[in-house]
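Peer 1: Compute the structure for the input listed below.
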Amino acid sequence: TIVTKRTTPQLGEAIEAAAVRQCRVQVAVRLRPLTGDETGRGEAAVVHAHENTATVVSGPGEADVQVYAFDQVFSPEATQLEVFSKCAAPLVEQLCDGFNCTVFAYGQTGSGKTHTMMGTAADPGITPRVCWYLFDRLGRQPGAAARVAVTYLQIYNEGVRDMLAPADADAPPLRVRCCPRRGTFVQNLSEHAVSSPAEIAALLERGNLSRATAATRVNAASSRSHAIFTLHVRQGRRHPRPAEAAAPEAEAWREVECVASKMNLVDLAGSERAKASGADADPELLKELASINRSLSCLGKVVAALSDGAAAHVPYRESKLTTLLEESLGGNSQTLMLNAVTPCNAAESVATLGWAKRAQSIVNVSMRGVDLGEIGASMRRMQLAAARQRQADEAARQAAREAGAAAQRTVDDERARRLDVERRAN
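Peer 2: Numbers count the residues shown, from 1 in each chain. Sure thing, here's the model as predicted:
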């Protein structure tokens, strides 16, 4: 579903008739535990979680203490289930109600983004838990038939590639398109219908094998691309027929609406410094790093423009990442930004938390999934009704004019009769 930036009055009325929610971007922070290497080097945590605040202590003085408040802050002891339950589960409810949703995982390299989003077989992350909960939730909706499909892509060196398509090193990157009906989309991106969480798990496993990763000095399995896994849900909502209109059993239900929505699960590649990661000695890693940092810089500019509120232009088109996620930032989506933080690096933590704080002021306008064809039909119905009303108004005005003219003729005739009587009397 698409909310256009500019609408005609008729389309505005059609959208207003649907469920529209103005919702602030939700921001959560998760601190990862110290690794064995960090503990072995004698490093200590400088970022601490208390209720919904994250405190960075970069020195002994009061000026070295910075406190940030967010919607959710998870300590290193938080479990995957706790993160999912508080952050992603409410969004699945909104997805089933017909609203688009997005979960971002943002943070420095090695901060735990991919672990939070994907997890392991023994300790699944947000993405597999979302899939399980989605099918459970859809199965509990009476009178509803749902179709679920998935897409999985990565943005590598500013090229968009299908992670579920057969591997082909010579295949050109997919093209990003935009049209009034579909909005922004990736041309020829494969879409796979699924009927169970197990089928999604198999697709995720297959897709993850094709994701670009590399070993660097700061992360043995560093993601070198941004990955976007999308769940597309289309539901036919049915209500029981009235008792007096009862039909054969096969027709005991009547479909009253079709609701379409989607959920983007985004695992961003982490920003890093070339010298710290060792990319300065490897041309291929350096090229990947430059592309990652450039797209994250564009994302930062978009967040800054949206949080400013007075920016005349939001630079969505400066990168493939921000182009594809335009709806998620300032558009038609209920969005959660989950920021993964390395607890022993004060400078990186302050940068991540400052970015997260700016994102917290972004406001999206989320519209319940109304098919554009339905909106067009609503527009046509309203236009027809308006035309009929105009005709009725014009007919009423014409009748009023004719009645007024008849009344005036009556007055004129009466005046003429009186004048005639007066002349005869004289």
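
Peer 1: For Q154, grab the count of nearby residues.
Peer 2: 23 (other Cβ atoms under 10 Å). Every C-beta, even on glycine, is put in place using the N, C-alpha and C of the backbone.

Peer 1: so it sits right up against T213, yeah?
Peer 2: No: the criterion here is Cβ atoms under 8 Å, and Q154 misses it with T213 at 10.5 Å.

Peer 1: Show me where this protein dips below the pLDDT cut-off.
Peer 2: 1-19, 143, 214-222, 237-257, 272-281, 370-388, 390 (pLDDT under 70).

Peer 1: which parts of the helix or strand harbouring Q94 are buried?
Peer 2: Using DSSP states H and E, Q94 falls within helix 89-96. Residues of helix 89-96 classed as buried by neighbour count (16 or more other Cβ atoms under 10 Å): A89, L91, V92, Q94, L95, C96.

Peer 1: Tell me the spacing between the nearest residue to the first one once chain neighbours are set aside and M117.
Peer 2: If I follow you right, that is A89. Excluding the flanking residues, the one nearest A89 by Cβ to Cβ, 6 or more residues apart in numbering is Y133, at 6.1 Å. Per Cβ to Cβ, to the nearest Å, Y133 is found 15 Å from M117.

Peer 1: Between those two, which has more neighbouring residues?
Peer 2: M117 (24 against 20).

Peer 1: Surely the more buried one is in contact with L268?
Peer 2: No: judged on Cβ under 8 Å, M117 makes no contact with L268 at a distance of 9.5 Å.

Peer 1: Can you check which residues contact both of these two?
Peer 2: The contact sets of M117 and L268 overlap at A105 (Cβ atoms under 8 Å, 6 or more residues apart in numbering).

Peer 1: Break down this protein into its helices, ranges please.
Peer 2: Ranges of helices within the chain are 9-17, 36-40, 80-83, 89-96, 113-117, 126-139, 197-209, 274-277, 283-308, 320-324, 346-359, 372-425, based on DSSP state H.

Peer 1: quick revisit: make a markdown table from the buried residues of helix 89-96 and add distance to V46 to it.
Peer 2: What follows is the buried residues of helix 89-96, written out as a markdown table (distance: Cβ to Cβ, whole Å):
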| residue | distance to V46 |
| --- | --- |
| A89 | 31 |
| L91 | 31 |
| V92 | 34 |
| Q94 | 36 |
| L95 | 37 |
| C96 | 41 |
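
Peer 1: Report the inter-axis angle for the helix holding Q94 versus helix 126-139.
Peer 2: 50 degrees (axes from the mean of the first three to the mean of the last three Cα atoms, to 10 degrees).

Peer 1: Give me the distance from helix 89-96 to the chain's centre.
Peer 2: Relative to its parent chain, helix 89-96 has a centroid offset of 12 Å by Cα atoms, centre = their mean, to the nearest Å.

Peer 1: so what secondary structure elements neighbour that helix?
Peer 2: With contacts defined as 3 or more Cβ pairs under 8 Å, 6 or more residues apart in numbering; DSSP states H and E, helix 89-96 has these neighbours: strand 101-107, helix 126-139, strand 226-240, strand 253-267, strand 334-341.

Peer 1: How many neighbouring residues does A63 have?
Peer 2: If you count neighbours by other Cβ under 10 Å, A63 ends up with 8.

Peer 1: surely Q187 meets R177?
Peer 2: Yes: the criterion here is Cβ under 8 Å, and Q187 meets it with R177 at 5.0 Å.

Peer 1: quick one, which of the two is more surrounded?
Peer 2: Ranked by neighbour count (other Cβ under 10 Å), Q187 and R177 place R177 first, with 12 against 9.

Peer 1: outside of stretch 28-48, which residues touch it?
Peer 2: Applying Cβ under 8 Å, 6+ apart, the contact partners of stretch 28-48 are 49, 54-58, 68, 70-78, 83, 86-87, 111-112, 115-116, 336-346, 349, 353, 356.

Peer 1: Check whether N293 really touches S271, as I assumed.
Peer 2: Yes: N293 is in contact with S271 according to Cβ under 8 Å; the separation is 5.5 Å.

Peer 1: Please say which of the two ends up with more neighbours.
Peer 2: S271 (22 against 16).

Peer 1: Could I get the contacting residues of the closest residue to the more buried one other than its chain neighbours?
Peer 2: Nearest non-adjacent residue to S271, counting by Cβ to Cβ, 6+ apart: L296, 5.0 Å away. Contact partners of L296, counting by Cβ under 8 Å, 6+ apart, are L268, A269, S271, L321.

Peer 1: on that earlier part again, can you redo the helices of the chain as CSV with distance to R181?
Peer 2: Listed next are those as CSV, based on distance: least, Cβ to Cβ, whole Å:
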stretch, distance to R181
helix 9-17, 13
helix 36-40, 51
helix 80-83, 36
helix 89-96, 21
helix 113-117, 30
helix 126-139, 26
helix 197-209, 27
helix 274-277, 43
helix 283-308, 24
helix 320-324, 17
helix 346-359, 29
helix 372-425, 5
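
Peer 1: To S366, which of these lies closest?
Peer 2: In terms of Cβ to Cβ, the element of the helices of the chain nearest to S366 is helix 89-96, at 7.9 Å.

Peer 1: quick check: angle from the closest one to strand 101-107?
Peer 2: Orientation check (the same axes, to 10 degrees): helix 89-96 against strand 101-107 gives 140 degrees.

Peer 1: Check what contacts helix 89-96 and list those residues.
Peer 2: Contacts of helix 89-96 (Cβ under 8 Å, 6+ apart): 101, 103, 130, 133-134, 137-138, 141, 231, 233, 235, 261-263, 334, 336, 366.
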